[in-house]
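> Give me a model of this one.
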Amino acid sequence: MWEKVRSRPLADQPWEELIRHSVEFKYSVIKRDPKEKGLRKILNFGHTIGHAVEGDFLASGNRIFHGEAVAIGMMVEAFIAFKKGLLAKAESDQIITYLMSVFGPFGPLGATNALLKRMAQDKKNQGKRILMALPEGIGKAVWDVEVNEVQIVESLDFFRSLYT
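Have a look, this model is predicted:
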């Protein structure tokens, strides 16, 4: 499915097929893990960074859509997955390139320290450990992957470099 999506511009996507596939996939995951104890956490890819970005935008009085914030999160988290050896560089680049083609440039991110504070409050964390769902290759994911502050800062810096 990924090859089909990334090979077409947004306006030429087979929307009925994509929506059907997405709903069926999400339903199968939720059915197998209705309480989000394991597998269902894969649906959170992009959300740890995305929620921090979304909260930061809202706190500054700027508007960002949830999907835009999650797209930013997916780009940053794809880079984290690459740096952690879960995702090949080519796969990380594909994700980032495609999302940039769909969403275009984003406004500047807030201060790194503010974003880190928001991430520390994420409901998916365990204690002081920041946990993410990250891609492990295209079409696969792992959850409860611990990510440290250095990895997050490096990845946020990488994301900022895309727009300089």
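> which residues of this protein score low on pLDDT?
For the chain, applying pLDDT under 70 flags no range at all.
> Tell me which stretches of it form strands.
For the chain, the strands defined by DSSP state E occupy 131-135, 141-146.
> of all the ones you listed, which lies closest to residue 110?
strand 131-135 (19.1 Å; Cβ to Cβ). Yep, even glycine has a C-beta here, placed from its N, CA and C like the rest.
> partners of that closest one in the sheet?
Applying DSSP bridges, strand 131-135 is found paired with strand 141-146 (antiparallel).
> who's in contact with the strand it pairs with?
With contacts defined as Cβ atoms under 8 Å, 6 or more residues apart in numbering, strand 141-146 is touched by 38-39, 41-42, 44-45, 84, 86, 124, 126, 129-136.
> what comes up buried for that strand?
141-143, 145 (16 or more other Cβ atoms under 10 Å).
> Just the CA trace of it, in PDB.
Provided in PDB are the C-alpha atoms of strand 141-146 (Å, rounded to 0.1, in the frame of the first residue of the first chain):
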ATOM      1  CA  ALA A 141       6.000  -0.900  14.100                       C
ATOM      2  CA  VAL A 142       7.200  -1.400  17.600                       C
ATOM      3  CA  TRP A 143       5.800   0.200  20.700                       C
ATOM      4  CA  ASP A 144       7.100   1.300  24.100                       C
ATOM      5  CA  VAL A 145      10.500   2.200  22.600                       C
ATOM      6  CA  GLU A 146      12.400   4.400  25.100                       C
END
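> what's near enough to touch the residue lying closest to residue 149 once chain neighbours are set aside?
Leaving out its chain neighbours, the residue that sits closest to residue 149 by Cβ to Cβ, 6 or more residues apart in numbering is residue 116, at 6.2 Å. By Cβ under 8 Å, 6+ apart, the contact list for residue 116 reads 52, 149, 152-153.
> how does it look with 10 Å?
52, 130, 149, 152-153, 156 (Cβ atoms under 10 Å, 6 or more residues apart in numbering).
> Could you export the strands of the chain to a markdown table, including columns for distance to residue 25?
Formatted as a markdown table, the strands of the chain follow (distance: least, Cβ to Cβ, whole Å):
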| stretch | distance to residue 25 |
| --- | --- |
| strand 131-135 | 14 |
| strand 141-146 | 12 |
